[in-house]
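Q: I need the structure of the sequence given here:
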Amino acid sequence: MKSNFLPENMIPFLMSQNDLKELGLEEVGYVKEYKVNGKPTWVLHAADGTALAVQGNPDAAAQSARHHELDLVALH
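A: Next comes the predicted model:
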């Protein structure tokens, strides 16, 4: 699957949200899209599901991951 906003090297493997939660990795995160007042919003989450940053576009969410020194993984 090709990502619309992340380089392929930022998606090293696919894991479910539950897999990440069980591992409890502090260096892994994921971005999930939500609708807020009908507008798309992207939230950066730590591996355990904790929301770390809310952004208005996916590129800003990826930048937030770099700021938090997290490697992004794709959820399936």
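Q: count of neighbours near residue 65?
A: 22 (other C-beta atoms under 10 Å). All C-beta spots, glycine's among them, are computed from the backbone N, C-alpha and C.
Q: and it, that one's in a helix?
A: Yes: assessed with DSSP: H, G, I helix; E, B strand; the rest coil, residue 65 lies in a helix.
Q: got a list of what it touches?
A: Contacts here follow C-beta atoms under 8 Å, 6 or more residues apart in numbering; on that basis residue 65 touches 29, 31, 44, 71-72.
Q: so how far is residue 38 from it?
A: 25 Å (C-beta to C-beta, to the nearest Å).
Q: same question, residue 69
A: Using C-beta to C-beta, one gets 33 Å for the distance from residue 69 to residue 38.
Q: looking at those two, which has the bigger crowd around it?
A: residue 69 (9 against 5).
Q: same question for stretch 35-52, mean pLDDT?
A: The average pLDDT within stretch 35-52 is 92.
Q: can you give me the buried ones in that stretch?
A: By 16 or more other C-beta atoms under 10 Å, the buried positions in stretch 35-52 come out as 42-47.
Q: do me a favour and get the end-to-end distance for it?
A: Using C-alpha to C-alpha, to the nearest Å, one end of stretch 35-52 lies 17 Å from the other.
Q: how about stretch 19-34?
A: One end of stretch 19-34 to the other measures 21 Å (C-alpha to C-alpha).
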